[in-house]
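>>> Structure of the sequence below:
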Amino acid sequence: METMAACTLTPAEMPDRVARWRDLFSHALNSRLTPGEAVITFDNTDWVKSELDELVKLERICCAHVTWSLLETPARLSLTLLAAPRALRAIIAAILPNQGPVADHGV
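Residues are numbered from 1 along each chain as shown. Take a look at the predicted model:
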């Protein structure tokens, strides 16, 4: 049975954080979602790099049950999230625009 860890953000902090992620993800080139893993790719611009660096730093504190990693090439930035499938589905549904409800058979 999968254990679900919770985000430690307060209800007052959540709307701003979610809005920042949604704004950033509106600039995504593509995303690949599988059970337990999400990879979101962006153009490597100064703003995207700065926002990703800051948000990942913050998320490593409040959502320590998720592995947050960045891969940088001269042209692209890829954010990879690794977590228990159920936890990852909840995160993706909250912060990735246009995902809607996430099916139980995948992310």
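
>>> can you give me the mean pLDDT across the longest helix out of those in the chain?
Under DSSP state H, the helix in the chain containing the largest number of residues is helix 46-62. Mean per-residue pLDDT for helix 46-62: 94.

>>> which helices and strands does that helix pack with?
With contacts defined as 3 or more CB pairs under 8 Å, 6 or more residues apart in numbering; DSSP states H and E, the packing partners of helix 46-62 are helix 14-25, strand 67-72, strand 76-82. Quick note: C-beta positions are derived from backbone N, CA and C, even for glycine.

>>> By mean pLDDT, show me the worst of the ones you listed.
helix 14-25 - the lowest mean pLDDT of the helices and strands packed on helix 46-62, at a mean of 90.

>>> just to revisit the earlier point, got the buried residues for the longest helix of the chain?
For helix 46-62, burial by neighbour count (16 or more other CB atoms under 10 Å) applies to 48, 51-52, 55, 59, 62.

>>> from those, which is closest to residue 68?
Nearest to residue 68, judged by CB to CB, of the buried residues of helix 46-62 is residue 59 at 5.4 Å.

>>> which residues are in contact with the longest helix of the chain?
7-9, 17, 20-21, 24, 27, 42, 66, 68, 70, 72, 77, 79 (CB atoms under 8 Å, 6 or more residues apart in numbering).

>>> nearest to residue 89, of those residues?
Closest to residue 89, out of all of the contacts of helix 46-62 and judged by CB to CB, is residue 66, at 11.8 Å.
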